[in-house]
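Asks: Okay, sequence plus prediction incoming.
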Amino acid sequence: MTSAQIRQAFLDFFAEKGHTVVPSAPIVVKNDPTLLFTNAGMNQFKDYFLGNQAAPYRRATDTQKCLRVSGKHNDLEEVGVDHYHHTMFEMLGNWSFGDYFKAEAIAWSWELLTSVYGIAPDRLYATVFEGDRAEKIPPSKIALAEWQKLLPSEQIVFGNKKDNFWEMGDTGPCGPCTEIHVDMRSDAERAAVPGYTLVNKDHPEVIEIWNNVFIQYNRKKDGSLEDLPSRHVDTGMGLERLVRVLQGKKSNYDTDIFSGTIAAIERLTGQTYDRSASKQAVAFRVLADHIRAIIFCIADGQLPSNTGAGYVIRRILRRAVRYYYSYLHQKEPLLHLLVPVLAKQFETVFPELFQQADFVSKVVLEEEHAFLRTLDGGLKRIEELLGQTVAVIDGDKAFELYDTYGFPLDLTELIAAENNKQVDHAGFDKAMQLQKNRSRAATALETGDWVMVFEGNGDGFVGYNLLTTTTQVLRYRKVSAKGKSQYQLVLAATPFYAESGGQMGDTGLLHVDGQTIAVTDTKKENDLIVHFVDELPDNPAGAVEAVVNAEVRLHTMHNHTATHLLQAALQQVLGKHVAQKGSLVSHTQLRFDFSHFSKVTDQELRAIENIVNQRIRENLPVVIATMPKADALALGATALFGEKYGDVVRVVTIDPNFSVELCGGTHVMQTGMIGLFTIASELAVAAGVRRIEALTGPAAFAHLSDGMEQLKATGNLLKTKDVLKAVDKLAAENASLKKQIEGLETRQLAVTTQALLQQAQAVGSLQFVGEMVEVSSPDLLKRLCFDVKNLLPNGVVVLAADIDGKPFVAVGIADNVVAERGLDAGSIIKQHIAPLIKGGGGGQKGLATAGGQNVAELHTAIDAVKKLM
């Protein structure tokens, strides 16, 4: 069977068992503060397990894109080294929400594996939870009884809480699980060593392929367990491992999931994948795995960046680049050439990648270019470190190479060994741990248990039509982050819009029994609307009057509707390739990120601005309707890649021939309410992504008014009404004066150069010039040093200057002295001068500079270099 057939057979099997086949959720998580990425098939169903929302079906099945590289499931450094860890993988799963339980789940697992997939029963092993006396959790007697109907006792293995009790996190739904393992060894090996002795022992050929979790408890903040009102089934089977088993391969990378990608890498590099443990073979596996994680995340809307989920994607991409650079000896971008291969492979399963293949390729290409430049910088930096007269490279410096330049410790150690040096491994580990601690501290969020005031979920959001409503607190909890404590409230019904889809959350007030409490923010946790307050009601069970800040909401609505007009105008002026890649809608401004591969010209910006303002003046009705998602897409509604939509969606239409979008945000009733629209800025934010920041209504008027006032003030200052002409004249005069100054400086430098050459002193066989000079800028100091050292045979030059109260030093060494004596201006600057003047600097072996804070030590710095001679 092909991987496509195996995937489809799973979905068909459970569809026949009454399961609804649901699409994969985006791999990048939007409304869950505990996750950056979807790391398990159950993530999109968390609200059903938590009881925050009723499931629209009792049974479900899907194949889910997952990513495990950060947090609890951090497998990144294992990927490529072994043959079964992956960053991005597909999780096949079936779920029961208060419907069937252990007996059916186990029976169907057995039927699918043995009858449909044809796995020999004597190769299968099941693990069963043995119970935990400390927590008073009983053994899984039902699971054991069901497996005893199917397997002999020697193929049933008891597991402890570590292996056979699944938990969502420190708190939340949890329960015992039963794992299914398969023994892929030869008959001779199986006869020699029983398979049950190798279950959960990290044997590469006795592997877990399916986990059936039986969710029946809730873990509270104090660590205690309570029974859930409903029991659920949550199963997960890694497609990559399953395909390996069914295709009879020793490695996941030998299956048809990866073979096409590896063949493409062979073709592009002219090298052969030999399946070994060599660095070259590891590089093949790293590329075949990492490219999937990178491009599926980009397709789901997460661009590489320096923070959060974007930083994780950048780390994965840079690890891949470093492997092909170091071990496949490819010095030009390679990953982007693999995008079409994977887009075609997953066209019918995850069509979002195929639809954006060109955009994704360009983003990856730009990231590769940027990191290849960084790698070159890292090689120069390690050359500087190797040039120092120490036998061991400091751990902090090795960590700098890792953190700034992407050099893993093993690469730094390899290069150091080639130069007869070692690396302070312990120091590196210490620096790494400090960074991890800082990262955890920056993102740590401590949440208490929910305190239930009233049962039920209430009516949820009612704020499309109401800004005030009478409601009640259903539950509350305390949260702490960065030393600040707040409370989160969930209301039975709320007019407060929770941050989502780029629109900021509402603020406002809660009136409870005469007490007034400010709502500082409103967010979503999965589908739960959470209100942030600094204090709790004295009577949490009292009647609540919830009041949204109407002025803030109105201005936010202006900006959100204007965002829809902007996207339509962008497509009209720039082309249909424009797609939203991010947005921020607040009451003060709107920010819109979109796919486009060149700067938007001033002429294009004016055209976009004019179209939006024309639509505002036309006072078009903003028509909002709910309908089945299929009907909305048939109307041509724009959907955002990476967003999760339900079967019924909200459609916002502003002239059916102009703008039709799926959107859950709040909007004005008529476009004329926006009043005015003006673009404040346009810039690049990532490869292939531009950003427009704009203002509407009173903010737009104030922005234009300020601009007119500045223009008027400039005219008064220049004593003219034609400001543009006057500024052009000033610019021309300035350019002319700069040219004259440059000529004077050149002549003065020539004179100073000759004077300095006359000051040369013999130090052994070298000629030394060390002087204080007067120059107006560090660039001129560097230029002067360069000229003197080029005219001074066997010369070493140190020039120092006090420039506006700050010390600057330049060191120049003649090329023949660098070659014959091994002197290095960069090392001299770093080791002997920068510490004296309390600054920093660097450069090349023949010319380097430093700047600092301590002017008083400039003469000492010159003397220090002279003593070195």
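Replies: Good, I have the coordinates.
Asks: Would you tell me which helix is longest in the chain?
Replies: When the chain is parsed with DSSP state H, its longest helix is helix 723-758.
Asks: Who are the packing partners of that one?
Replies: Helix 723-758 is packed against helix 697-718, strand 766-772, helix 778-791, with contacts defined by 3 or more Cβ pairs under 8 Å, 6 or more residues apart in numbering; DSSP states H and E. (C-beta placed from N, C-alpha, C; glycine too.)
Asks: Might you calculate how far it sits from the centre of the chain?
Replies: 47 Å (Cα atoms, centre = their mean, to the nearest Å).
Asks: Please name every helix or strand in contact with the following helix or strand past that helix.
Replies: The helix or strand immediately downstream of helix 723-758 is strand 761-763, counting by DSSP states H and E. For strand 761-763, the elements it packs on are strand 766-772, judged by 3+ Cβ pairs under 8 Å, 6+ apart.
Asks: give me the low-pLDDT residue ranges for the chain?
Replies: Across the chain, the ranges flagged by pLDDT under 70 are 70-75, 389, 439-445, 642.
Asks: tell me the angle of the longest helix of the chain relative to helix 778-791?
Replies: Following axes from the mean of the first three to the mean of the last three Cα atoms, to 10 degrees, one obtains 40 degrees for the angle between helix 723-758 and helix 778-791.
Asks: Now do helix 723-758 against helix 697-718, angle only.
Replies: With the same axes, to 10 degrees defining the directions, helix 723-758 sits at 60 degrees from helix 697-718.
Asks: what comes up buried for helix 723-758?
Replies: Buried residues in helix 723-758, counting neighbours by 16 or more other Cβ atoms under 10 Å, are found at Val723, Ala726, Glu745, Leu749, Thr752, Thr753, Leu756, Leu757.
Asks: Next: stretch 45-55.
Replies: Neighbour counts over stretch 45-55 (16+ other Cβ under 10 Å) mark Phe45, Lys46, Asp47, Tyr48, Phe49, Leu50, Asn52, Gln53, Ala55 as buried.
Asks: residue contacts, the fourth one?
Replies: Tyr48 makes contact with Ala54, Ala55, Phe97, His232 under the criterion Cβ atoms under 8 Å, 6 or more residues apart in numbering.
Asks: when you check those against the strands, which ones overlap?
Replies: Members of these lying in strands (criterion: DSSP state E): Phe97, His232.
Asks: which one among the contacts of Tyr48 gets closest to Gln503?
Replies: Set against Gln503, the nearest of the contacts of Tyr48 by Cβ to Cβ is Ala54 (25.4 Å).
Asks: The closest one and Gly98: what is the separation?
Replies: Distance, Ala54 to Gly98, by Cβ to Cβ, to the nearest Å: 10 Å.
Asks: what's the answer for Leu334, then?
Replies: From Leu334 over to Gly98 the distance is 49 Å, taken as Cβ to Cβ.
Asks: More neighbours: which of the two?
Replies: Higher neighbour count among Leu334 and Gly98: Leu334, with 23 against 16, using other Cβ atoms under 10 Å.
Asks: can you give me phi and psi for that one?
Replies: Dihedral pair for Leu334: phi -130, psi -40, per degrees, to the nearest 10.
Asks: now Thr307
Replies: Reported as degrees, to the nearest 10, the phi and psi values for Thr307 are phi -140, psi 160.
Asks: got it, and the one 3 residues further on?
Replies: Note on Gly310: its backbone torsions stand at phi -60, psi -30 [degrees, to the nearest 10].
Asks: coming back round to it: reformat the helices and strands packed on helix 723-758 as CSV; add mean neighbour count and distance to Ile262.
Replies: Output for the helices and strands packed on helix 723-758, formatted as CSV (neighbours: other Cβ atoms under 10 Å; distance: least, Cβ to Cβ, whole Å):
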stretch, mean neighbour count, distance to Ile262
helix 697-718, 13, 54
strand 766-772, 19, 57
helix 778-791, 20, 50
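Asks: so can I have TSV of the ones you listed showing distance to Tyr125?
Replies: Below are the helices and strands packed on helix 723-758 laid out as TSV (distance: least, Cβ to Cβ, whole Å):
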stretch	distance to Tyr125
helix 697-718	65
strand 766-772	76
helix 778-791	70
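Asks: of these, which approaches Tyr327 most closely?
Replies: Of all the helices and strands packed on helix 723-758, helix 778-791 sits nearest to Tyr327, with 38.4 Å by Cβ to Cβ.
Asks: Tell me the helix or strand right after the closest one.
Replies: Remark: after helix 778-791, the chain's next helix or strand is strand 795-803, criterion DSSP H and E.
Asks: Give the burial count for Leu246, as a bare number.
Replies: Neighbour count of Leu246, defined by other Cβ under 10 Å: 21.
Asks: Let me see the contact set for it.
Replies: Counting by Cβ under 8 Å, 6+ apart, Leu246 touches Met1, Ile6, Tyr117, Gly118, Ile119.
Asks: so what's the fourth one closest to, chain neighbours aside?
Replies: Of all residues not flanking Gly118 in the chain, Leu246 sits nearest, at 7.9 Å (Cβ to Cβ, 6 or more residues apart in numbering).
Asks: likewise the third one?
Replies: With Cβ to Cβ, 6+ apart as the criterion, Tyr117 has its nearest non-adjacent residue at 5.7 Å, and that residue is Leu246.
Asks: separation between that neighbour and Leu239?
Replies: Separation of Leu246 from Leu239 (Cβ to Cβ) stands at 10 Å.
Asks: Now list whatever residues contact both of those two.
Replies: Common neighbours of Leu246 and Leu239 (Cβ under 8 Å, 6+ apart) are Ile6.
Asks: Work out for me the element Asp99 sits within.
Replies: Remark: Asp99 resides in no helix or strand, with elements defined by DSSP H and E.
Asks: looking at it, it is touching Arg59, isn't it?
Replies: Yes - the criterion here is Cβ atoms under 8 Å, and Asp99 meets it with Arg59 at 5.7 Å.
Asks: now the strands: where do they sit in the stretch 551-700 of the chain?
Replies: 580-585, 590-595, 623-628, 648-654, 659-662, 677-686, 689-696 (DSSP state E, counting those that start in this stretch).
Asks: what's the residue nearest to Gly118 sitting at in phi/psi?
Replies: Backbone torsions of Leu246, given as degrees, to the nearest 10, read phi -70, psi -30.
Asks: Start at 59, not 1
Replies: That works, and once the first residue is 59, the last one we named lands at Leu304.
Asks: Would you mind measuring from it to Thr293?
Replies: Taken as Cβ to Cβ, the span from Leu304 to Thr293 is 18 Å.
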